[in-house]
Every structure is written in C-alpha cells, then in structure tokens.
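K.L.:
Below is the sequence, then the predicted model.
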Amino acid sequence: MAAKDALSLAIEKTLDLVEIAPTAKPPVCKLMDYGKYKYEQAKRDKEARKKQKSMEIKEVKLRPNIEDHDFETKARNAQRFLLDGDKVKVTIMFRGREVTHPELGRALCIRLAEFCKAESTVEREAKLEGRNMIMILASIKHD
C-alpha cells in the first residue's frame with residue numbers, strides 16, 4: 001500500500017502509522033496507537049532487565065603471611081561471593097621486602113583456588129603487578 005494511502009487510513013481510524021521494520025524492502029508499517037506501543041515496549045524492556053543477573057567482581061585482599069584462621073575466613077567469603085554468581089578478584093598485597101618472595105603469594109593463590117575449586121575456575125592465573133599479586137576466580141554456574 002502506498003504511504004499516502006496508509007496515512008489517510010490512519011487518520012480516518014484515529015490511529016498512528018508506525019514504521020516497524022525500516023530496513024526491509026519495502027519498509028513495514030503498522031496502524032496502532034503509538035503511546036500504547038511505547039508503553040508496552042517499555043514494560044517488556046523492564047521485565048527483561050529484571051530477569052538478567054548482573055555480575056560483579058568482588059575482591060578478597062590477603063597478605064603473604066596470613067594466619068590460618070584469617071585465611072579460612074577470607075576463603076569462606078570468597079566462596080560465598082562465588083555461590084552468588086560473582087567473580088572474585090584475589091589480591092595479595094606485599095609490603096616492604098615481602099615482594100622479593102612472590103612464591104609465597106603464588107602458593108597462597110593456589111591454596112585459595114583449591115579451597116574454592118568446587119564453586120569456581122581460575123579465569124586469570126596469579127600474576128605480580130607492582131606490589132600486588134592478582135588472580136581472578138570465575139563462578140561455575142549452578143542451574
């Protein structure tokens with residue numbers, strides 16, 4: 001139907017001529033109430049946003065000479081974050097001359113990865129960046 005005829009038909013029925021698929025050959029248009037269409041579209045978008053889970057990166061900071069109980073507390077926190085579906089950034093902070101012993105930090109990262117292996121996979125291996133060693137654990141999806 002010609003655009004002029006469709007427009008006159010829309011005016012006659014007190015509706016709006018809305019272009020649905022502008023890239024199609026010829027473009028697809030529809031007679032409808034545009035306000036109602038926009039409202040329903042916004043409602044659908046809101047529902048879609050509600051259903052999608054946003055993923056955050058939670059951080060657990062450790063020191064190379066951490067005590068066992070403190071380590072277990074931090075590891076349980078990391079486990080809880082992973083079970084919630086978030087990623088965990090493990091940061092080992094070195095102070096002073098501790099940075100000359102990166103193997104202590106790497107061993108701590110491996111220990112934490114082992115502690116959380118049921119809930120996570122290592123997304124990024126432990127790597128020294130300045131005075132910090134960083135490792136990222138990604139959550140395994142539980143459906």
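P.N.:
Received the coordinates, thanks.

K.L.:
measure K87 to I140 for me?
P.N.:
Counting by C-beta to C-beta, to the nearest Å, the separation of K87 from I140 is 11 Å. Every C-beta, even on glycine, is put in place using the N, C-alpha and C of the backbone.

K.L.:
quick one: which of the two has more around it?
P.N.:
K87 (18 against 14; other C-beta atoms under 10 Å).

K.L.:
chain center to stretch 90-110: distance?
P.N.:
How far stretch 90-110 lies from its chain's middle: 28 Å, per C-alpha atoms, centre = their mean, to the nearest Å.

K.L.:
CA atoms only for it - export them in PDB, please.
P.N.:
Extracted in PDB, the C-alpha atoms of stretch 90-110 (Å, rounded to 0.1, in the frame of the first residue of the first chain):
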ATOM      1  CA  VAL A  90      42.100 -12.200  44.800                       C
ATOM      2  CA  THR A  91      44.700  -9.600  45.700                       C
ATOM      3  CA  ILE A  92      47.800 -10.500  47.700                       C
ATOM      4  CA  MET A  93      49.400  -7.300  49.000                       C
ATOM      5  CA  PHE A  94      53.200  -7.200  49.500                       C
ATOM      6  CA  ARG A  95      54.800  -4.700  51.800                       C
ATOM      7  CA  GLY A  96      58.400  -3.800  52.100                       C
ATOM      8  CA  ARG A  97      60.800  -6.600  51.300                       C
ATOM      9  CA  GLU A  98      58.000  -9.200  51.000                       C
ATOM     10  CA  VAL A  99      57.900  -8.500  47.300                       C
ATOM     11  CA  THR A 100      61.200 -10.400  46.900                       C
ATOM     12  CA  HIS A 101      59.200 -13.600  47.700                       C
ATOM     13  CA  PRO A 102      56.400 -13.800  45.100                       C
ATOM     14  CA  GLU A 103      56.300 -17.600  45.500                       C
ATOM     15  CA  LEU A 104      54.600 -17.100  48.900                       C
ATOM     16  CA  GLY A 105      51.800 -15.100  47.200                       C
ATOM     17  CA  ARG A 106      51.500 -17.700  44.400                       C
ATOM     18  CA  ALA A 107      51.200 -20.500  47.000                       C
ATOM     19  CA  LEU A 108      48.500 -18.600  48.800                       C
ATOM     20  CA  CYS A 109      46.600 -18.100  45.500                       C
ATOM     21  CA  ILE A 110      46.900 -21.800  44.700                       C
END
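
K.L.:
Perfect, that will be all.
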